[in-house]
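Participant: missing the sequence, but the structure's below:
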């Protein structure tokens, strides 16, 4: 049975109680440029995310990973670029920027405005403390678009001298690793996720948390979410037999996360 520790309070202060180099994976989504009020409890800026990143570097193991899911506000027609500032600060304190992944929303809300396209993705920055010690690549079956057989890849079709397209070497059985752009339905689509989406303004898909947990950790590892929110990371960590430490400032959201993680039916 994994060890689950849920802490209500300021993550900068509470992380001081976590031992150096004791965390295998951090999976979190911090506030985005005051885009949401979080029950009026939000105090966000460089004075918060810089010391948070410093603490993450201290508590993460050598070879550990931080997945930082983040976006930017648009103010007076210009995106803030705060996500990039944070990514560069991770590098400044000693992390490697291992990968810049994309969370593509299959059903994005119509958030945009005049003279711009709707915003349909968020960054999933993957930082490592030196070289990653764990990588369990996710593979998926891919269907051949011509004969619906599962194949590892589909080579391009070729055109013969008569100008007719022909298939060539397309029946290669196997699996293929996912690319670093991952698509999910906003709020996940499950009954439980839909319910909690009404109680918290920034719930991310359980399947996304699951995929990162698979990729960057093993059973028995310890996962930290310093901005626990509604508890998605904690729920999936527990379900996948990982130890979990979750920290949440807002007392109402803490209760949601506590209920969600502790009640297996949700």
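Facilitator: Sure, I can see it. Quick caveat: nothing in here was measured; it's all calculated off a predicted structure.

Participant: for the lengthiest helix in the chain, give the mean pLDDT please.
Facilitator: Secondary structure of the chain read by DSSP state H shows that its longest helix is helix 46-59. For helix 46-59, the mean per-residue pLDDT is 97.

Participant: which residues belonging to that helix are considered buried?
Facilitator: Across helix 46-59, burial judged by 16 or more other C-beta atoms under 10 Å covers 48-50, 52-53, 55-56, 58-59. No exception for glycine: its C-beta is placed from N, CA and C like everyone else's.

Participant: same thing with stretch 63-78?
Facilitator: By 16+ other C-beta under 10 Å, the buried positions in stretch 63-78 come out as 64-72, 74.

Participant: one more: stretch 130-138?
Facilitator: Those would be 132-134, for stretch 130-138 by 16+ other C-beta under 10 Å.

Participant: do stretch 239-256 as well
Facilitator: Buried residues in stretch 239-256, counted by 16+ other C-beta under 10 Å: 240, 242-250, 253-254, 256.

Participant: how about these in a markdown table, adding secondary structure, distance to residue 222 and pLDDT?
Facilitator: Compiled in a markdown table, the buried residues of stretch 239-256 are given as follows (DSSP: H, G, I helix; E, B strand; the rest coil; distance: C-beta to C-beta, whole Å; pLDDT from 0 to 100):
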| residue | secondary structure | distance to residue 222 | pLDDT |
| --- | --- | --- | --- |
| 240 | coil | 13 | 95 |
| 242 | coil | 7 | 97 |
| 243 | strand | 4 | 98 |
| 244 | strand | 7 | 98 |
| 245 | strand | 7 | 98 |
| 246 | strand | 11 | 98 |
| 247 | strand | 13 | 98 |
| 248 | strand | 17 | 96 |
| 249 | coil | 21 | 94 |
| 250 | coil | 23 | 93 |
| 253 | helix | 22 | 93 |
| 254 | helix | 20 | 96 |
| 256 | helix | 22 | 94 |
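
Participant: if we can go back for a sec, so of the buried residues of stretch 130-138, which ones are in strands?
Facilitator: Residues from the buried residues of stretch 130-138 lying in strands, with DSSP state E as the criterion: none.
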